[in-house]
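1. no sequence for this one, just the structure:
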Ligand SMILES: Cc1cc2nc3c(=O)[nH]c(=O)nc-3n(C[C@H](O)[C@H](O)[C@H](O)COP(=O)(O)OP(=O)(O)OC[C@H]3O[C@@H](n4cnc5c(N)ncnc54)[C@H](O)[C@@H]3O)c2cc1C
Ligand code: SF4
Ligand code: FES
């Protein structure tokens, strides 16, 4: 396949960026999207040009490290991670526009690489259960009803990729946040800190510069793990409950 | 056990001329006494550091996988000053995240006869009697606490309707002891450890350094006292000093270029330590996983594993005749198919252990009966066929059981596995070798501890499914915190600062290496070297090894390394985010490790677990171990770039278990 690429190039956080055009003539449809970029980079290096920086690690759709805006869509046209997108989703002659995640809370570091450490700080604000090592009771001491366990699991599958933020016109991280609140809030172990958790995490979310949620739903439709929109309702519900309890 | 030496004297070792024999290695921390009491005794005898002193004691942990994150969280809780490093943008992304199958624990929740002793027994046997029995026993013992800890953290393991945890049996084991979270056990366990770690960050006991790559260990007066790391965004070379350094930097399977490991997995942290005096043990032990999606073309960057559970219902075959290999498999009649595992191993069939399934797949492809696209002039694939399962169970039942794996396969290959048989091929998956550690997880450099896949200790020559996660968490939550405190009880330690000659030396060596890499300006990319090295390793030090092939590989690697330092092309500057530079440093280390792996494989003239020496097989082609000569850990000492490595042998003694030959016929 012949593919034309338009890629955002930016030397570092302080520089201005711009779109650059590239041409690839022999793209095989079996390549993953990132392998296509690997090929581009090998070409660029051979010509003495700086290769395009982008993030990836597992290339298996699970670590959440990769993430590109492809033709204006977070992770591209399929509901999956960028590393699991394959070139057979494109046609001979296509032009593909590639940009980094767009969000004030994810500053660009270079080319397509952004800084998502704000997510870690949101977790630091309360996205955990406080239990010291060695202090745990036997795992069977507290049964968890299967429906609750399954719901907690569904929410826990969030890989922290940031696509929801990049896709949201408001740059809100409510889906990411709601996923963690739901995961821990469904479990008996997560109850003791439930009020405090939601208040602190929401506070940190706002402090990081993520936008507010107006229920547009772009987040869930671009989420590679299909985290459902109702985790945001759960987030709001928990937040109101915590306020009522005087937090 | 009395040792009988019935082998001819002075039989030259295949690796003669490649290494030097050294003094025997003895693990001075190895406990004695009844095996069930050894760990309790060690914990009791390990000295304590008073809570008030802990604020003055500092620990550096490189790696935030299950091994590193669990250790950092636990040492942080204890009150030590902890610095945690990883090369990803968040600790949550460490490679442990990719583990699918599950984690073992001797809980015996199913009442099916499991016990600590049975888990211990299975693990030692599965590792072909090349691991240390005290370590493995401890692992089995603490496996139970791991599950309790993870559940308390909110890890959403699979549950039954009654609300209790579910288990499955895994990897041919006869009891149900594997805890799992759908197909993403590693992800869920790591999130648990990551959250515990972030909790400590909030509490101020742990400081995290993401997008930082450790490039050197600082050794002062024979003791590890810190690391040199590069901030991968600004390029700044930083010095971090501490009283103890822990390496939890994962495995080096990426020496093969194509593997199921994440792209960034590397050997740099452990290799740099090796060059500074830490012994590297059993580097040639590599685990090859039989059910991966085959290579599709020259541009492939990595391989994807599919859960072994597929072998429970799928049947594996290739055409009997080479001429049929490019036909649509559905047009090949039953009588022209060779269900080779069922033919050779009627008792176990498609469920033979990983090493055997992998080797037989290679054999049929080497015979020219592989299927799938030609890559080069070779077809590397065998069919994993669900047609009969679909007939027997119905499509819906197959979908229910394996749906997500089928979807993943379809996404990657573009083929519908419900209609056409899937294709699989073995791939490198895990390494059992790593830095040598004693029972306390200390390397041969005092103050340098090594945990998780980065050490060599618990899996012998072959790792059983679901036991790497157990080891990572067991080491980090329960072992290391106890043994590190014994070391730290010697504190407070003499203060050193950045002007200390050992610090300056470490820093300068990192800087000069980076400058060299950037100044060569040759005409080959880093990736092209990595691919070539991977090819050599896979061909000659992969599923099957011969003396001749290994010698050839050593020559090829030496030539490639020479060319690398003359002809590699690394663009850009040191003072910025530079992914080619990162890769170049890692590949340079792989080029040295690769040679040592081949020497280790060459000197071990026996077949065991993941190490199949063609010269050592039974009449019917099975691995033949040689316990009289080789029941030792081979630990290598680095003596300089021009010098031959020195081999130190740690003899393995079994008192609680009897050595037996494995057989699956
Ligand atoms: C696809 C796949 C499936 C698997 N499935 C299972 C399974 O079902 N059950 C099982 O028990 N095991 C499984 N394994 C094996 C298991 O996942 C690993 O052995 C284990 O997770 C390793 O954990 P670790 O903490 O030692 O290292 P890792 O998780 O690899 O972590 C390494 C850490 O070190 C850091 N690091 C490395 N080098 C440097 C450096 N130079 N500077 C700074 N930081 C550095 C990385 O950033 C990372 O944080 C699987 C492996 C693979 C590849
Ligand atoms: S909610 Fe979905 S899109 Fe958002 S970070 Fe998690 S996995 Fe990514
Ligand atoms: S690289 Fe890990 S999810 Fe894409």
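-> Arrived safely. The structure displayed is predicted, hence computed values, not measured ones. Ligands and ions are numbered 1, 2, ... in the order given.

2. all contacts plus neighbour counts: C-alpha atoms, from now on.
-> OK.

3. just the helices in the stretch 251-400 of chain B please.
-> Assigned by DSSP state H, counting those that start in this stretch, the stretch 251-400 of chain B shows helices spanning B:268-275, B:340-344, B:354-364, B:387-393, B:395-413.

4. Kindly reformat these as a markdown table containing mean neighbour count and distance to residue B:606.
-> Output for the helices of the stretch 251-400 of chain B, formatted as a markdown table (neighbours: other CA atoms under 10 Å in any protein chain shown; distance: least, CA to CA, whole Å):
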| stretch | mean neighbour count | distance to residue B:606 |
| --- | --- | --- |
| helix B:268-275 | 23 | 25 |
| helix B:340-344 | 17 | 22 |
| helix B:354-364 | 21 | 15 |
| helix B:387-393 | 14 | 39 |
| helix B:395-413 | 16 | 36 |
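
5. Break chain A down into its domains, please.
-> By the assignment in automatic domain parsing, chain A contains the domains A:3-110, A:117-244.

6. Show me which residues of chain A are close to ligand 2?
-> A:158-164, A:175-176, A:223-225, A:227 (CA under 6 Å from any ligand atom).

7. Just to be careful, could you list which of these are in helices?
-> A:163-164, A:175-176 (DSSP state H).

8. For the stretch 551-665 of chain B, list the residues in contact with chain A, please.
-> B:569, B:571-572, B:576-579 (CA under 8 Å from any CA of the partner chain).

9. For chain B, give me the ranges with low pLDDT.
-> Residue ranges of chain B with pLDDT under 70: B:1-10, B:171-172.

10. just checking, what's the longest helix in it?
-> helix B:579-603.

11. Now do it and helix B:268-275, the angle between them.
-> 50 degrees (axes from the mean of the first three to the mean of the last three CA atoms, to 10 degrees).

12. Which elements pack onto the very next helix or strand once past helix B:579-603?
-> Sequence order places helix B:627-630 as the next helix or strand after helix B:579-603, per DSSP states H and E. Applying 3 or more CA pairs under 8 Å, 6 or more residues apart in numbering or on different chains; DSSP states H and E, we find helix B:627-630 packed against no helix or strand.

13. Flag every buried residue along helix B:627-630.
-> Using 16 or more other CA atoms under 10 Å in any protein chain shown as the test for burial, helix B:627-630 gives B:627, B:629-630.

14. Just give me the closest of these to ligand 2.
-> Using CA to the nearest ligand atom, residue B:630 comes nearest to ligand 2 of these, at 48.4 Å.

15. how near is the closest one to residue B:621?
-> 20 Å (CA to CA, to the nearest Å).

16. Over to residue A:86?
-> In terms of CA to CA, residue A:86 sits 40 Å off from residue B:621.

17. what about these two, which has more around it?
-> Using other CA atoms under 10 Å in any protein chain shown as the criterion, residue A:86 and residue B:621 rank with residue A:86 on top: 22 against 10.

18. Now the residue lying closest to the more buried one once chain neighbours are set aside, what are its backbone angles?
-> Nearest non-adjacent residue to residue A:86, counting by CA to CA, 6 or more residues apart in numbering or on different chains: residue A:32, 4.1 Å away. Main-chain torsions, residue A:32, degrees, to the nearest 10: phi -80, psi 170.

19. For the nearest residue to residue B:374 once chain neighbours are set aside, give me its contacts.
-> Once flanking residues are discounted, residue B:374 sits nearest to residue B:380: 7.7 Å by CA to CA, 6+ apart. Counting by CA atoms under 8 Å, 6 or more residues apart in numbering or on different chains, residue B:380 touches B:294-295, B:362, B:365, B:370-374, B:425.

20. at 10 Å what do you get?
-> Going by CA atoms under 10 Å, 6 or more residues apart in numbering or on different chains, residue B:380 touches B:294-296, B:361-362, B:364-366, B:368-374, B:423-426.

21. before we move on, what about residue A:27?
-> Residue A:27 touches A:1-3, A:33, A:35-36, A:39-40, A:87-88, A:92, B:299, counting by CA under 10 Å, 6+ apart.

22. again, 6 Å this time
-> residue A:1 (CA atoms under 6 Å, 6 or more residues apart in numbering or on different chains).

23. any idea of the pLDDT on it?
-> Looking at residue A:27, its pLDDT is 96.

24. how far away is the residue of chain A positioned farthest from its centre from ligand 2?
-> Using CA atoms, centre = their mean, the residue of chain A lying farthest from its centre is residue A:141. It sits 34.6 Å away. Using CA to the nearest ligand atom, to the nearest Å, residue A:141 is found at 30 Å from ligand 2.

25. Pop out the phi and psi values for residue 20.
-> Going with chain A. The phi and psi torsions at residue A:20 (degrees, to the nearest 10) take the values phi -130, psi 150.

26. wait, I meant chain B there
-> Backbone geometry at residue B:20, expressed as degrees, to the nearest 10, gives phi -120, psi 140.

27. Grab the nearest non-local neighbour of it.
-> Here the residue nearest residue B:20, using CA to CA, 6+ apart, is residue B:646, at 4.7 Å.

28. Assign residue B:124 to helix, strand or coil.
-> Judged by DSSP: H, G, I helix; E, B strand; the rest coil, the three-state class of residue B:124 is helix.

29. Next, the nearest residue to it once chain neighbours are set aside: secondary structure please.
-> In this structure, residue B:124 finds its nearest non-sequential neighbour in residue B:131, 6.4 Å apart by CA to CA, 6+ apart. Secondary structure for residue B:131, judged by three-state DSSP, is coil.

30. Surely residue B:131 is in contact with residue B:461?
-> No. Contact criterion CA atoms under 6 Å: residue B:131 and residue B:461 do not qualify, at 7.4 Å.

31. now the helices: where do they sit in chain A?
-> For chain A, applying DSSP H gives helices covering A:33-46, A:117-124, A:146-156, A:163-167, A:174-185, A:194-207, A:218-222, A:230-244.

32. so the last one versus helix A:174-185, what angle?
-> Taking the same axes, to 10 degrees, one finds helix A:230-244 and helix A:174-185 inclined to each other by 70 degrees.

33. buried residues in helix A:230-244?
-> By 16+ other CA under 10 Å, the buried positions in helix A:230-244 come out as A:231-232, A:234-236, A:238-240, A:242.

34. ok, how many other residues are close to residue B:21?
-> Counted with other CA under 10 Å, residue B:21 comes out at 13.

35. Tell me the bridge partners for the closest residue in space to it that isn't next to it in sequence.
-> Excluding the flanking residues, the one nearest residue B:21 by CA to CA, 6+ apart is residue B:647, at 5.1 Å. Note on residue B:647: beta-bridge partners by DSSP bridges are residue B:21, residue B:636.

36. show me what contacts residue B:647?
-> Listed by CA under 6 Å, 6+ apart, the contact set of residue B:647 reads B:21-22, B:635-636.

37. Near chain A, which residues of the stretch 51-200 of chain B? Just list them.
-> Listed as neighbours of chain A in the stretch 51-200 of chain B under the rule CA under 6 Å from any CA of the partner chain: B:93, B:148-149, B:151-153, B:156, B:159, B:161, B:163-164, B:195, B:198-199.

38. Adding distance to residue B:314 and neighbour count as columns, could you present those in a markdown table?
-> Shown next, in a markdown table, are those (distance: CA to CA, whole Å; neighbours: other CA atoms under 10 Å in any protein chain shown):
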| residue | distance to residue B:314 | neighbour count |
| --- | --- | --- |
| B:93 | 32 | 28 |
| B:148 | 34 | 21 |
| B:149 | 36 | 24 |
| B:151 | 33 | 22 |
| B:152 | 37 | 26 |
| B:153 | 36 | 26 |
| B:156 | 29 | 31 |
| B:159 | 26 | 22 |
| B:161 | 28 | 13 |
| B:163 | 31 | 17 |
| B:164 | 30 | 19 |
| B:195 | 38 | 27 |
| B:198 | 42 | 29 |
| B:199 | 44 | 25 |
